[in-house]
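S.K.: sequence isn't available, so here's the structure alone:
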Ligand code: APR
């Protein structure tokens, strides 16, 4: 049996990582997302963008996977599990998931914005959110940037293709912790629905996917995921 999990910021919320759109805590609440997370922002303020990502990189070192990440990793004992995540954190990997596809990139990989060579030097820790930090320079003179997909940029080809395959070949798709509003990623659960694949949504709030999902569990990720596979016969009939 192949289970594909499609996750968003909500699965990491219970690890203490703010989601993007929760206004009172969302990361965007304090910064202009266009300026901080876009190629235009990088062209005009690379120092501010680099500072923002250094801080997020630091913050990710201070949090741990939660019961939801651990449940998804444990499912590998019962099924072939693929994780397609919009998150740039590494909490799925740290929980033990072995097939993780980052459709929006990763906070933990860096490359040169000119020659695209991979940056392997240590990234300095930064325990508080400074306004400005100059990014390192590549030998070619380019600037080192995070492997995160910015607004207006294409998604990574290989991760996207693996994600489409994981959704198309799944016997079950579990969509957890995403507002399902950012495309093309949000189109992946819709692809599963179109394929007639059972889609279970786990989210305390309604989303645009809720009406078309096979089943919607209005629960948090850490309460719904640990027992979900065992509940499938009762849930799906
Ligand atoms: N368990 C499950 N879901 C939760 C929890 C929780 N404990 N807490 C919050 N949620 C839900 C919220 O109800 C919301 O629907 O998680 C969702 C988080 O939505 P967003 O903040 O929009 O995050 P996400 O869907 O991952 O955003 C998608 O948008 O800004 C871009 O690139 C960024 O990858 C991100 C993309």
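M.R.: Received the coordinates, thanks. This structure is a prediction, so every number in the text was calculated from the model and none was measured.

S.K.: use CA for all of it now, contacts and neighbours both
M.R.: Will do.

S.K.: how close does residue 101 sit to the ligand?
M.R.: 13 Å (CA to the nearest ligand atom, to the nearest Å).

S.K.: I'd like the next helix or strand past the one helix or strand that residue maps to.
M.R.: Using DSSP states H and E, residue 101 sits in strand 100-102. As assigned by DSSP H and E, the chain's next helix or strand after strand 100-102 is strand 105-112.

S.K.: past the helix or strand encompassing residue 6, which element shows up next along the chain?
M.R.: Per DSSP H and E, residue 6 falls inside strand 2-7. Using DSSP H and E, the next helix or strand after strand 2-7 towards the C-terminus is helix 10-13.

S.K.: and that next one, average pLDDT?
M.R.: The average pLDDT within helix 10-13 is 96.

S.K.: who does the strand holding residue 101 pair up with?
M.R.: strand 80-85 (parallel) (DSSP bridges).

S.K.: break this protein into its domains for me.
M.R.: By the assignment in automatic domain parsing, the chain contains the domains 1-16+66-104+155-237, 18-62+109-148.

S.K.: hey, which of those domains is tucked in deepest?
M.R.: Among the domains of the chain, the stretch with the highest mean neighbour count (mean count of other CA atoms under 10 Å) is domain 1-16+66-104+155-237, at a mean of 19.

S.K.: quote the end-to-end distance of that domain.
M.R.: End-to-end distance of domain 1-16+66-104+155-237 (CA to CA, to the nearest Å): 17 Å.

S.K.: thinking again about what came up before, and the domains of the chain, which one averages the lowest pLDDT?
M.R.: Mean pLDDT is lowest for domain 18-62+109-148 out of the domains of the chain, coming in at a mean of 85.

S.K.: picking that back up, which residues touch the strand holding residue 101?
M.R.: Residues outside strand 100-102 that contact it (CA atoms under 8 Å, 6 or more residues apart in numbering): 82-88, 92-93, 159-160, 162-163.

S.K.: just the residues you listed that are near the ligand?
M.R.: 86-87 (CA under 6 Å from any ligand atom).

S.K.: nearest to residue 57 among the contacts of strand 100-102?
M.R.: residue 88 (9.7 Å; CA to CA).

S.K.: just confirm that closest one contacts residue 106, I think it does.
M.R.: Yes: proximity of residue 88 to residue 106 meets the contact threshold set by CA atoms under 8 Å, at 4.1 Å.

S.K.: need the residues touching each of these two.
M.R.: Listed contacts common to residue 88 and residue 106 are residue 148; contacts here mean CA under 8 Å, 6+ apart.

S.K.: brilliant, that's me finished.
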